[in-house]
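1. sharing a sequence plus its predicted fold:
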Amino acid sequence: MPIPTEPIGSIPRTAELLTAMIAHGEGRLDAATLRAVSEKAVAETIAAMQATGSPVVTDGEQSKPSFATYPLAGLDNLAPDGVVIPFKDGHTRQLPRLTKGPFRYGIYSGRYVETAKRYATVPVKQAVISPSALSLLYPAGGIAGYDRDRFLDDLVSETTKDIRSALDAGAASVQIDFTEGRLSVKLDPSLGLLRGFVALINRVLSNCTEAERRRIGVHTCPGGDHDSTHSADVDYAELLPDLFRIEVGSVFMQMASERDRPRIYDVVRAHRPSEQTVFVGVTDPIDPVVETPETVRDRVLEAASHLPVAYLGTTDDCGFSPFGDDTSTARQTAFAKIKARVDGTRLAEKALGI
């Protein structure tokens, strides 16, 4: 069997779409026109991704404001002063704060799948935000008449609906973005926060059938935004034992930018469930240098020297533009890196005699 290779999700938005998003935010462009520009960007992105030879595509998250906040579109029970996430270079991202219950999604990811499938000729993968990330919307001081337990019940229900909407719309697979996993270790070295996050994700997965869970994966990385990260200084070995307790069929790991890959691969080997596929990052979206296929091949062979090839896949370390306004990576660079990943994975297959 060939080594599977898949993108993580986001691609820098087209210049036309970025202009339209700004105009819409300023009230100068109507919603219908924005939707039309967004769909055009999806079509262009899928065509370009397929041209790389990628056997699986995403919509590039073109019409999402960010990988984390897409479900909040149109909600009127949010305030802007939520949790602040600091990045190494000093910039921050701030989540909204829930002001009242009940918590409901404003949009489900199945809508993105329906659009993508109009243009894709290969399987479509859909990324969704984790319930653990959205749990950060609930304020530390609580909400009168809507306690945290009720919120978490609603959150689990809504996240389950989000995943199922993607599968029902025809997504070949669903990826839960869990970039806050490594960050949680930084915020709470006792690992209590991480283990609470893992338990919450598993509550959602308990609502899925075994067959559905085989089509669901989880992605971990130290965050990637404006060429900076929020938790790359956290030792992966602190995260991985608990990460591999998440009951999914696949794990997508940032590895290309990892400093000591052999040590981390040994940790993966020690904790990976026997039937779980590990997609290792072989391209670094933050590095402006485009990897050669030979560099990718060598990274795959390195991973294969530690992990069983039958359960090995390749991916990018992170999405190329998880937040819609991040233009630090050019679209052509993103597609060049994807092509290098695809071509390099095929070179590795030849070297391994697959």
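-> Received, thanks.
2. would you map the strands across this structure?
-> 78-79, 84-86, 92-94, 97-98, 125-129, 173-177, 216-220, 250-253, 277-283, 312-316 (DSSP state E).
3. including mean pLDDT, distance to Val234 and mean neighbour count, could those strands go into TSV?
-> Any C-beta I mention is one placed from the backbone N, CA and C, and that applies to glycine too. TSV is the format used below for the strands of the chain (pLDDT from 0 to 100; distance: least, C-beta to C-beta, whole Å; neighbours: other C-beta atoms under 10 Å):
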stretch	mean pLDDT	distance to Val234	mean neighbour count
strand 78-79	96	29	14
strand 84-86	85	14	14
strand 92-94	86	18	13
strand 97-98	96	25	21
strand 125-129	97	20	25
strand 173-177	97	17	24
strand 216-220	97	11	25
strand 250-253	98	14	26
strand 277-283	98	16	25
strand 312-316	98	20	25
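4. okay, now the unreliable bits of the protein?
-> Counting by pLDDT under 70, the chain has no low-confidence residues at all.
5. separation between Thr292 and Leu347?
-> For Thr292, the distance to Leu347 (C-beta to C-beta, to the nearest Å) stands at 10 Å.
6. those two: who's more crowded?
-> The residue with more neighbours, out of Thr292 and Leu347, is Leu347; 17 against 13, by other C-beta atoms under 10 Å.
7. the more buried one: what's it in contact with?
-> Going by C-beta atoms under 8 Å, 6 or more residues apart in numbering, Leu347 touches Pro293, Glu294, Val296, Arg297.
8. put together TSV for the strands of the chain, with distance to Gly27 on each row.
-> Converted to TSV, these look like this (distance: least, C-beta to C-beta, whole Å):
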stretch	distance to Gly27
strand 78-79	19
strand 84-86	27
strand 92-94	22
strand 97-98	24
strand 125-129	27
strand 173-177	30
strand 216-220	35
strand 250-253	38
strand 277-283	39
strand 312-316	36
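9. so for Val204, which of those sits nearest?
-> When the strands of the chain are compared by C-beta to C-beta, strand 173-177 sits nearest Val204, at 8.2 Å.
10. show me what the closest one is packed up against.
-> Judged by 3 or more C-beta pairs under 8 Å, 6 or more residues apart in numbering; DSSP states H and E, the packing partners of strand 173-177 are strand 125-129, helix 148-168, strand 216-220, strand 250-253.
11. against Pro86, how distant is Asp343?
-> For Asp343, the distance to Pro86 under the criterion C-beta to C-beta works out to 37 Å.
12. rewinding a little: in TSV, list the helices and strands packed on strand 173-177 along with distance to Ser109.
-> Putting those into TSV (distance: least, C-beta to C-beta, whole Å) gives the following:
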stretch	distance to Ser109
strand 125-129	5
helix 148-168	5
strand 216-220	12
strand 250-253	17
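13. list the buried ones in stretch 325-337?
-> By 16 or more other C-beta atoms under 10 Å, the buried positions in stretch 325-337 come out as Asp326, Ser328, Thr329, Arg331, Thr333, Ala334, Phe335, Lys337.
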